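Trainee: okay, predicted coordinates and the sequence, questions at the end:
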Amino acid sequence: MTIQLVRKRCVMSSNTRFKSCGRSFLGCLFVLLNVCMLCVTGCVGANGAGSTAIPASTTSSAAVPGRGMWFWAGSSSDQFSSTAIVGNLALETQTIANLQSWNVTTLYGSYNSLIQSNPAAVQAWNQMLASAHIQSYVLFSNTNNFLPEDWDAEQSEILTNFVDFNASAAQGAGFVGIAFDVEPDSFAGTTTRLSWNASTTATRRTYLTYFLNMLQSSRALLNENGQSAAPMETALATWYATLNSSIGWANSADVDQWFGQLAQTCTRVSLMAYEVSTPSLIISDAQVEGSLLGSTPRISLRSTLGVEWTTLPQFWQALQAVETQTSGYVDIEDYETTAN
């Protein structure tokens with residue numbers, strides 16, 4: 001049974017949606033000119049050391065729309081975090097150059113309190129991304145939000161940071177869609193609920209029901225608030241569909257039904273093929289869930305060094321091989337580890 005808690009928020013008319021980008025006319029013109037230059041050249045490397053050709057190792061072999069990438073908040077002193085980048089024109093310009101050089105066309109952005117404390121800066125950033133043909137998703141990543149007792153908080157966050165934010169944004173300044181990085185298998189537990197690791201297989205199966213219900217309720221919330229066309233993405237581990245002792249699936253039909261409902265709910269599912277470095281094994285790990293999800297999945301690889309790769313060229317080489325062999329798109333975790 002799907003439990004849906006839907007709250008409807010009044011949406012302002014299009015006549016009330018246009019707000020200042022928070023910059024002077026000359027400042028806004030400068031942003032536009034910079035983005036236009038980036039769209040034409042797309043040639044600044046991740047190190048920012050002048051204009052160079054796009055490295056062959058980073059160009060996508062997949063068709064448009066290209067790759068996705070997670071973009072996390074952090075401290076203001078971290079030059080690769082959304083906290084430091086958004087509102088800083090030089091860092092924004094460099095970031096978009098990096099994204100274009102990597103053929104990233106979807107950005108899953110976590111902005112913490114910045115959406116509320118400085119909405120004009122986030123809206124201006126979204127406009128820069130739109131001008132560079134990069135879709136901006138707002139990312140929700142509180143692991144506890146899959147629990148029924150946390151759904152109210154999760155839905156309030158969606159209403160505030162997506163529905164209301166978009167209603168007050170000018171054309172191109174809102175978010176295109178929403179993304180989730182809520183991983184039940186990372187749940188650390190609360191005072192009333194056991195962690196994933198400490199739970200029985202039956203409880204883990206219940207947690208996956210909660211997770212699916214959270215996504216279904218989020219989709220219903222968007223539909224009820226005039227956002228039925230907004231795409232919705234979620235990250236997912238590649239081993240959930242396995243019939244073993246980890247999750248208490250009743251049988252293969254139970255697995256099929258759960259993944260079928262997930263595919264109907266989400267526009268895109270990013271299968272996190274981590275801790276594997278061989279392209280054929282990466283594809284094999286994602287194959288079972290990919291077949292259950294139909295047209296919605298794409299493989300996600302992380303660029304962090306130390307487990308799968310020792311150098312970034314190794315990462316790019318594996319990514320290209322996966323894209324070539326699957327004729328699909330790869331999501332990259334994440335901006336900081338790729339640019340740093």
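Mentor: Now that the structure is in, tell me what you want to look at.
Trainee: just the CA atoms of stretch 322-338, as PDB, please.
Mentor: Output of stretch 322-338 as PDB, limited to C-alpha atoms (Å, rounded to 0.1, in the frame of the first residue of the first chain):
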ATOM      1  CA  VAL A 322      30.900   2.500 -19.800                       C
ATOM      2  CA  GLU A 323      29.200   5.100 -21.900                       C
ATOM      3  CA  THR A 324      30.400   3.500 -25.200                       C
ATOM      4  CA  GLN A 325      29.300   0.000 -24.200                       C
ATOM      5  CA  THR A 326      25.900   1.000 -22.800                       C
ATOM      6  CA  SER A 327      25.100   3.900 -25.200                       C
ATOM      7  CA  GLY A 328      23.900   5.600 -22.100                       C
ATOM      8  CA  TYR A 329      24.700   8.600 -19.800                       C
ATOM      9  CA  VAL A 330      26.800   8.500 -16.700                       C
ATOM     10  CA  ASP A 331      26.200  10.600 -13.500                       C
ATOM     11  CA  ILE A 332      29.400  11.700 -11.700                       C
ATOM     12  CA  GLU A 333      29.800  11.900  -8.000                       C
ATOM     13  CA  ASP A 334      30.900  14.700  -7.500                       C
ATOM     14  CA  TYR A 335      32.000  18.200  -8.600                       C
ATOM     15  CA  GLU A 336      34.600  18.700  -5.900                       C
ATOM     16  CA  THR A 337      36.500  15.500  -6.400                       C
ATOM     17  CA  THR A 338      36.500  16.000 -10.100                       C
END
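Trainee: so which bits of it are buried?
Mentor: 322-323, 326, 328-338 (16 or more other Cβ atoms under 10 Å). Every residue, glycine included, has its C-beta placed from N, CA and C.
Trainee: would you mind giving those residues as TSV with distance to Trp316 added?
Mentor: What follows is the buried residues of stretch 322-338, written out as TSV (distance: Cβ to Cβ, whole Å):
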residue	distance to Trp316
Val322	11
Glu323	11
Thr326	16
Gly328	16
Tyr329	15
Val330	10
Asp331	14
Ile332	10
Glu333	14
Asp334	15
Tyr335	15
Glu336	16
Thr337	13
Thr338	9
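Trainee: which element follows the lengthiest helix in the chain toward the C-terminus?
Mentor: Longest helix in the chain, counting residues (DSSP state H): helix 201-224. The first helix or strand that comes after helix 201-224 along the chain, using DSSP states H and E, is strand 232-237.
Trainee: okay, strands next: where are they in the chain?
Mentor: 67-71, 104-109, 135-140, 177-180, 232-237, 268-272, 297-302, 330-333 (DSSP state E).
Trainee: would you turn those strands into TSV with mean pLDDT and distance to Arg219?
Mentor: Formatted as TSV, the strands of the chain follow (pLDDT from 0 to 100; distance: least, Cβ to Cβ, whole Å):
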stretch	mean pLDDT	distance to Arg219
strand 67-71	98	19
strand 104-109	97	17
strand 135-140	97	13
strand 177-180	98	10
strand 232-237	97	6
strand 268-272	96	13
strand 297-302	96	17
strand 330-333	97	20
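Trainee: could I get those strands as TSV with distance to Ile282?
Mentor: Output for the strands of the chain, formatted as TSV (distance: least, Cβ to Cβ, whole Å):
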stretch	distance to Ile282
strand 67-71	15
strand 104-109	19
strand 135-140	23
strand 177-180	21
strand 232-237	14
strand 268-272	10
strand 297-302	7
strand 330-333	9
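Trainee: of all these, which one is nearest Ser168?
Mentor: strand 135-140 (13.9 Å; Cβ to Cβ).
Trainee: re the thing from before, distance between the longest helix of the chain and the chain's centre?
Mentor: 18 Å (Cα atoms, centre = their mean, to the nearest Å).
Trainee: with just CA atoms, put that helix into CSV.
Mentor: Extracted in CSV, the C-alpha atoms of helix 201-224 (Å, rounded to 0.1, in the frame of the first residue of the first chain):
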residue,chain,number,x,y,z
THR,A,201,16.1,-8.4,6.7
ALA,A,202,12.3,-8.0,7.3
THR,A,203,12.9,-4.5,8.7
ARG,A,204,15.1,-3.6,5.8
ARG,A,205,12.4,-4.6,3.4
THR,A,206,10.0,-2.3,5.4
TYR,A,207,12.6,0.5,5.1
LEU,A,208,12.5,0.1,1.3
THR,A,209,8.7,0.4,1.4
TYR,A,210,9.1,3.6,3.3
PHE,A,211,11.7,4.8,0.8
LEU,A,212,9.4,4.1,-2.2
ASN,A,213,6.4,5.7,-0.4
MET,A,214,8.5,8.9,0.2
LEU,A,215,9.3,9.1,-3.5
GLN,A,216,5.6,8.5,-4.4
SER,A,217,4.4,11.1,-2.0
SER,A,218,7.0,13.6,-3.3
ARG,A,219,5.8,12.9,-6.9
ALA,A,220,2.1,13.4,-5.7
LEU,A,221,3.1,16.6,-3.9
LEU,A,222,4.6,18.1,-7.1
ASN,A,223,1.6,17.1,-9.1
GLU,A,224,-0.8,18.7,-6.6
